[in-house]
Every structure is written in structure tokens, then in C-alpha cells.
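Colleague: 3D model of this:
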Amino acid sequence: MAVRGDATFKAAVNDTNPTSKGKSYSVEIKGANYNHFLGKKIGDVVDGQFVGEGDKSLLGYKLEITGGSDKTGTPMRRDVAGGNRQSILVAKSTGYKAHKLVKKKGKTYRYQYDGIRKRRNFRGNTITQDTRQLNLKVVENGKKSLSELFAADEKSNESDES
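Modeller: All right, here's what the predicted structure looks like:
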């Protein structure tokens, strides 16, 4: 089966180590590593060697897939089976805040009523070729910390901005 369009994922790797203070790192997944993620579901644990390339590979890490979004920004949802896009009636939860914005005397107020439900579009829990962004959580750490692995990348970004 031929891969159409842009065969890459942007992965947001969230460091769960308490000393990192919840920092996340952006990594691009492409090539053979891209194919490894196709068909995986939210909640699956994957090996870190498939995230990043070369010396930026997260060898020794175990990562859990916690979510993502497709090429239009539609969020993935754990309780929707498959990889297709579906319209679902939801209450306050993932992908829907369930509040109404009301303007009074020039100010905007946010009201949350009980029982508000709305029909929203969501992507299923399976990663497909339409998926563009993945959220990954560190379950098991490797030998080097994520801050050490991505320190050189952050320094080059800072020098580019100057």
C-alpha cells in the first residue's frame, strides 16, 4: 500500500520525570519508524528507538501513546474505535469544554451549565495515514535523560533566533 502525501508525524514527547517539571519535546517521526506506528492505538506502549533518528533516537525508553490529532486538527479519542472520523454527542470531556461565553457590560464571562452536550467530530483511537501529530508519555526512562538528548537541539534553535 503506497503512502500518500506527507509521511511524517510530529510527536510531542512528555517527560514524566519529577525533576523535569513536565517538560515536553517535539520530535519528527518519518521513514520506517512512521510505518511502525500505523495501526497502533491510544494506550499502546512503544519502544523509544522508533522515535527520533540517529543520536536523537530514544533508545531504552518506553513510551505510551496518549492521543494525537489528524491533518485538520481533529483530536483523537480513546473511546472511539477505528481510525476514521466520527461525529459524536459528548458532554464535558476530551475535545469539548462545555461552556458558554456570555458578554455582559463589555466583559466576557464563561458559564458552565450542567447537562450541556454537543455533537463534535473526533478521530478514532487507531493511528492512520491521516494522523499528523502524536502525544507520547514516557513510561520507562533510558540511560540518558531527555534534557541531555535534546540539549544540542535547543542550543541550535536559540542561535538561529539571534
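Colleague: and for stretch 59-70, what are the contacting residues?
Modeller: Residues outside stretch 59-70 that contact it (Cβ atoms under 8 Å, 6 or more residues apart in numbering) are 9, 13-14, 40-49, 51, 75-76, 78, 85, 94, 123, 127, 130-143. Bear in mind the C-beta positions are built from the backbone N, C-alpha and C, glycine included.
Colleague: ditto for stretch 81-96
Modeller: When contacts are defined by Cβ under 8 Å, 6+ apart, stretch 81-96 is touched by residues 67, 70, 74-75, 77-78, 80, 98, 112, 115-128, 130-131.
Colleague: Okay, now the unreliable bits of the chain?
Modeller: The model of the chain has pLDDT under 70 over residues 1-5, 55, 152-162.
Colleague: go again using 50 as the cut-off
Modeller: Low-confidence segments of the chain, defined by pLDDT under 50, are located at 1-2.
Colleague: one step back: show me which of the contacts of stretch 59-70 are buried.
Modeller: Under a neighbour-count criterion of 16 or more other Cβ atoms under 10 Å, the subset of the contacts of stretch 59-70 counted as buried comprises 9, 13-14, 40, 42, 46, 48, 51, 75-76, 123, 127, 130-138, 141-142.
Colleague: Look at E148 and give its secondary structure.
Modeller: Using DSSP: H, G, I helix; E, B strand; the rest coil, the secondary structure recorded for E148 is helix.
Colleague: count of neighbours near it?
Modeller: Residue crowding around E148 was assessed by other Cβ atoms under 10 Å; the count is 9.
Colleague: thinking again about what came up before, so which of the contacts of stretch 59-70 belong to strands?
Modeller: Cross-referencing these with the strands (criterion: DSSP state E) gives 9, 13-14, 45-47, 85, 123, 131-140 as the overlap.
Colleague: Enumerate every residue touching the residue nearest to the spatial centre of the chain.
Modeller: To find the centre residue of the chain, average its C-alpha atoms and take the closest one (Cα atoms, centre = their mean): that gives N135, at 2.3 Å. If a contact means Cβ under 8 Å, 6+ apart, then N135 has A11, A12, N14, I65, T66, G67, G68 as its contacts.
Colleague: Report the beta-bridge partners for it.
Modeller: When assigned by DSSP bridges, N135 has beta-bridge partners A12, G67.
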